[in-house]
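Q: Show me how the following folds:
(one chain, ligands or ions: 1)
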Amino acid sequence: MRLLLVGATGTLGTAVANEMKSDADIISAARTNADVKVDITSTESIREMFNKVGEIDALVCTAGAAHFGHVKEMTPEQNLVAVNSKLLGQINLVLLGLDYIRENGSITLTTGILMDDPLVTASSAAMANGGVQAFVRSAAIELPKNIRINNVSPTMVTEAKEKYGSLFKGFKPREAKDVALAYKKSILGAQSGQTYKVY
Ligand SMILES: NC(=O)c1ccc[n+]([C@@H]2O[C@H](COP(=O)([O-])OP(=O)(O)OC[C@H]3O[C@@H](n4cnc5c(N)ncnc54)[C@H](OP(=O)(O)O)[C@@H]3O)[C@@H](O)[C@H]2O)c1
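A: Numbers count the residues shown, from 1 in each chain. Have a look, this model is predicted:
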């Protein structure tokens with residue numbers, strides 16, 4: 001199985017790569033330090049990536065940024081970070097990647113707990129997560145070639161506690177390897193349109 005893992009060098013991507021390495025040939029993708037370079041905010045860059053990589057069986061995205069800030073101070077430009085990266089970046093991977101995904105293949109995108117459990121300063125991230133989840137649920141009923149699509153919605157992982165711990169007060173972190181199992185279920189299982197919540 002050929003697995004294209006976008007965001008492979010990050011906290012979640014590394015855990016997914018470890019979990020999947022015995023089941024798949026993994027092609028890592030990111031803006032830097034990866035087998036293939038891609039910036040998911042650019043459709044041109046996504047097209048180039050798929051052209052280079054060719055046919056795959058599984059597409060996983062663990063990349064996607066968002067601006068964190070109070071709604072009353074957020075500018076439309078700041079909100080566009082999440083729109084262009086976490087929301088459209090992931091959805092464009094699907095739109096431009098479908099031709100490259102083989103029969104019975106799968107797509108797994110990343111959302112997050114903020115769409116279910118609001119936190120001050122996290123509205124833009126929540127917006128992107130909710131949009132991706134809704135897209136996944138709807139797209140699942142019409143993807144060609146029996147391709148499945150799911151999203152994994154993690155809580156903060158233990159490995160990211162230093163980075164996000166001050167924001168996620170009172171949240172119980174989960175280990176990245178537990179979150180990686182949800183990606184594995186999506187890639188190797190038979191379900192489609194699902195949101196795998198690891199909270
Ligand atoms: N960590 C958590 O606790 C947690 C919890 C819930 C949800 N999430 C979500 O999961 C996703 C990944 O989180 P993470 O903590 O693993 O992030 P991370 O450690 O910052 O890793 C992000 C990965 O994506 C790549 N990347 C970033 N921007 C990109 C772009 N525009 N195009 C292509 N690749 C890009 C990075 O490599 P380059 O910088 O080289 O491009 C890196 O490989 C995010 O959407 C985050 O909101 C994370």
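Q: Output the longest helix belonging to the chain.
A: Taking residue count as the measure and DSSP state H as the definition, the longest helix of the chain comes out as helix 123-139.
Q: and the chain, which of its residues are near the ligand?
A: If contacts are counted using C-beta under 6 Å from any ligand atom, the residues of the chain sitting beside the ligand are 6-13, 30-33, 38-41, 62-65, 85-86, 110, 112, 154, 156-157, 160, 164. Any C-beta I mention is one placed from the backbone N, CA and C, and that applies to glycine too.
Q: how many other residues sit next to the residue of the chain found nearest the ligand?
A: Taking C-beta to the nearest ligand atom as the measure, the chain has G10 as its residue closest to the ligand, at 1.9 Å. Using other C-beta atoms under 10 Å, G10 is surrounded by 19 other residues.
Q: quick one, what contacts T41?
A: 84-85, 88-89 (C-beta atoms under 8 Å, 6 or more residues apart in numbering).
Q: So which of those residues wins on neighbours?
A: Neighbour count (other C-beta under 10 Å) singles out G89 as the most crowded of these, with 28 neighbours.
Q: a helix runs through that one, doesn't it?
A: Yes - secondary structure of G89 (DSSP: H, G, I helix; E, B strand; the rest coil): part of a helix.
Q: That one and P76, how far apart?
A: Using C-beta to C-beta, to the nearest Å, G89 is found at 18 Å from P76.
Q: try V132
A: V132 sits 20 Å away from P76, going by C-beta to C-beta.
Q: cool, V157 as well?
A: For V157, the distance to P76 equals 30 Å [C-beta to C-beta].
Q: With neighbour numbers in mind, choose between the two.
A: When neighbours are counted by other C-beta under 10 Å, V157 and P76 differ, and V157 comes out ahead with 21 against 7.
Q: got the contact list for A30?
A: In this structure, A30 makes contact with 6-10, 13, 37-38, 63, judged by C-beta under 8 Å, 6+ apart.
Q: Buried among those? Make that a ChimeraX selection.
A: For the buried members of the contacts of A30, the matching ChimeraX selection, counting by 16 or more other C-beta atoms under 10 Å, is:
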select :6,7,8,9,10,13,38,63
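Q: What segments of the chain are helices?
A: In order along the chain, the chain carries the following helices (DSSP H): 11-20, 43-53, 76-82, 88-97, 123-139, 161-164, 176-188.
Q: now what about the last one, what contacts it?
A: Contacts with helix 176-188, where a contact means C-beta under 8 Å, 6+ apart, come from 3, 11-12, 14-16, 18-20, 23-24, 58, 60, 62, 106, 108, 148, 150, 152, 154, 157-160, 191, 194, 196, 198.
Q: Recalculate using a threshold of 6 Å.
A: Under the criterion C-beta atoms under 6 Å, 6 or more residues apart in numbering, residues 11, 15-16, 19, 58, 106, 108, 150, 152, 154, 157, 159, 196, 198 lie in contact with helix 176-188.
Q: and the two most separated of these?
A: Farthest pair in these (C-beta to C-beta) is S106 and E159. Separation: 24.7 Å.
Q: Would you mind telling me which of the two has more residues around it?
A: Legend: neighbour count by other C-beta under 10 Å for S106 and E159, higher for S106 (27 against 18).
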